[in-house]
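Student: can you look at this prediction? I've put the sequence above it.
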Amino acid sequence: MFNSILNQAFNEYVFDRVGNILSVAGVADEKYRKTVKEADSVLSQLMESARELEAQHPELLRLVMAYEAATTLESGLAAEIVYREGIRDSCGVRQEFANFMQKQMQGYQYPSAY
């Protein structure tokens, strides 16, 4: 039960942290902000075209909306996966560094007192 509570808390932390990172990136990262703006523009154009063609192709608007939802979900999941892997990498790098330092200290000879 304790592990379940910890897993739930960790999952909520990751979800919140990814959201915060993307919010900051939307303000601080010019390339990301530009990409989001371009994606929004393309989606708006698709929605406009789908509405204009709705009489001839009623499924088009629904498909565009479904595509938007799917790509939004995919982007969110990708960000979450990358964040989790970053945490795993960080733990692994720390462990490797600790092992390296331990080996360095084992081979270190302290100067002898005269």
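Tutor: Yes, it's here.
Student: need the pLDDT of the most centrally placed residue in the chain.
Tutor: Nearest residue to the geometric centre of the chain (CA atoms, centre = their mean): A79, 1.6 Å. Looking at A79, its pLDDT stands at 91.
Student: and the gap between it and S23?
Tutor: 11 Å (CB to CB, to the nearest Å). Yep, even glycine has a C-beta here, placed from its N, CA and C like the rest.
Student: R94 too?
Tutor: R94 is 27 Å from S23, by CB to CB.
Student: check K34 too.
Tutor: 16 Å.
Student: which secondary structure elements does the strand or helix carrying I81 contact?
Tutor: Using DSSP states H and E, I81 sits within helix 58-107. Here helix 58-107 touches helix 2-28, helix 30-52, going by 3 or more CB pairs under 8 Å, 6 or more residues apart in numbering; DSSP states H and E.
Student: which strands and helices sit next to the longest one?
Tutor: By that I understand helix 2-28. Going by 3+ CB pairs under 8 Å, 6+ apart, helix 2-28 lies up against helix 30-52, helix 58-107.
Student: that one: which residues count as buried?
Tutor: Neighbour-count burial for helix 2-28, counted by 16 or more other CB atoms under 10 Å, picks out V14, V18, L22, A25.
Student: name the nearest of those residues relative to S75.
Tutor: Distances from S75 to the buried residues of helix 2-28, taken as CB to CB, are shortest for L22 (8.8 Å).
Student: surely the closest one meets A79?
Tutor: Yes. Under the criterion of CB atoms under 8 Å, L22 makes contact with A79 at 6.3 Å.
Student: now do the residue nearest to the centre of the chain against T72, distance only.
Tutor: 11 Å.
Student: and L60, by the same measure?
Tutor: L60 is 19 Å from T72, by CB to CB.
Student: who's more crowded, the two?
Tutor: Taking neighbours as other CB atoms under 10 Å, L60 and T72 compare with L60 leading, 17 against 12.
Student: does that one touch M47 like I think?
Tutor: No. Using CB under 8 Å, L60 is not in contact with M47, being 9.9 Å away.
Student: related to what we said a few turns ago, and the helices and strands packed on helix 58-107, which one averages the lowest pLDDT?
Tutor: helix 2-28 (a mean of 89).
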